[in-house]
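Novice: My questions concern the predicted model and sequence given below.
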Amino acid sequence: MVKFWLKALATVTVTSFRLKGTYGFHALSTRRLAKYYIGASKVVTTRSNISRSMSSDEVAAAKAAAERHKDDGAPTVFDNILSGKWSSDKVYEDDLCLAFRDINPQSPVHVLVIPKNRDGLTQLKNARDDQKDILGHLLYVAKSVGEKECPNGYRIVINDGEHGAQSVYHLHLHVMGGRQMSWPPG
């Protein structure tokens with residue numbers, strides 16, 4: 001880990017790693033456009049490069065999860081949380097769903113909202129006509145959590161399938177905020 005001072009007087013903590021012959025960077029304390037000098041090498045890092053580097057682990061996890069996924073009803077990490085086998089930092093709970101803080105947050109506020117009864121809802125694309133009520137309830141709970149946790153605005157995300165970077169095959173909504181979100185995502 002190396003700390004750099006930027007001209008804007010912000011400290012940036014950076015970890016570097018080798019990626020296809022180039023150096024990738026993961027900025028931990030800011031995403032400002034910056035020039036980093038490592039040894040004699042000058043590397044210019046843009047906001048999109050930093051975002052791509054940070055999301056590469058999520059994409060790899062999603063690809064691996066898609067290869068392992070079978071609609072066989074096998075327990076997921078969320079089933080372990082629902083059963084009490086694993087703990088979680090609960091934000092909201094009712095008879096139909098549970099909302100808890102993500103253990104790998106991608107924003108200052110990152111809450112997951114999941115149905116308590118998976119009932120085949122491994123992906124949004126698998127939703128049936130008789131599941132419209134639970135889908136609406138999940139979205140309404142996500143809205144309520146977003147309003148409470150992120151009064152200046154929030155984003156709700158549903159990852160669906162490998163290309164959607166879904167890494168847990170139990171439908172879940174991400175409520176993200178606590179900072180200015182950028183566009184386009186991904």
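Specialist: All right, it came through fine.
Novice: Can you tell me how far Arg128 is from Lys148?
Specialist: Shown here: Arg128 relative to Lys148, a distance of 30 Å by C-beta to C-beta, to the nearest Å. Bear in mind the C-beta positions are built from the backbone N, C-alpha and C, glycine included.
Novice: Count the neighbours of Ser182 for me.
Specialist: 10 (other C-beta atoms under 10 Å).
Novice: Please state the backbone phi and psi of it?
Specialist: phi -100, psi 170 (degrees, to the nearest 10).
Novice: repeat for Tyr169
Specialist: Per degrees, to the nearest 10, the backbone of Tyr169 is at phi -90, psi 70.
Novice: Run a quick neighbour tally on it.
Specialist: For Tyr169, using other C-beta under 10 Å, the count is 21.
Novice: Thought Lys125 was touching it, still the case?
Specialist: No. If you go by C-beta atoms under 8 Å, Tyr169 and Lys125 don't touch, sitting 11.3 Å apart.
Novice: quick one: low-confidence parts of this structure?
Specialist: Residues of the chain meeting the criterion pLDDT under 70: 1-56, 69-73, 186.
Novice: Walking through it, point out its strands one by one.
Specialist: 2-5, 11-19, 22-27, 34-38, 41-45, 90-93, 97-101, 109-115, 154-157, 173-177 (DSSP state E).
Novice: Tell me which residues touch Gly146, please.
Specialist: By C-beta atoms under 8 Å, 6 or more residues apart in numbering, the residues touching Gly146 are Tyr154, Ile156, Val175, Gly177.
Novice: excluding its backbone neighbours, what's nearest the last one?
Specialist: Which is Gly177. Closest residue to Gly177 apart from its sequence neighbours, by C-beta to C-beta, 6 or more residues apart in numbering: Cys150 at 3.1 Å.
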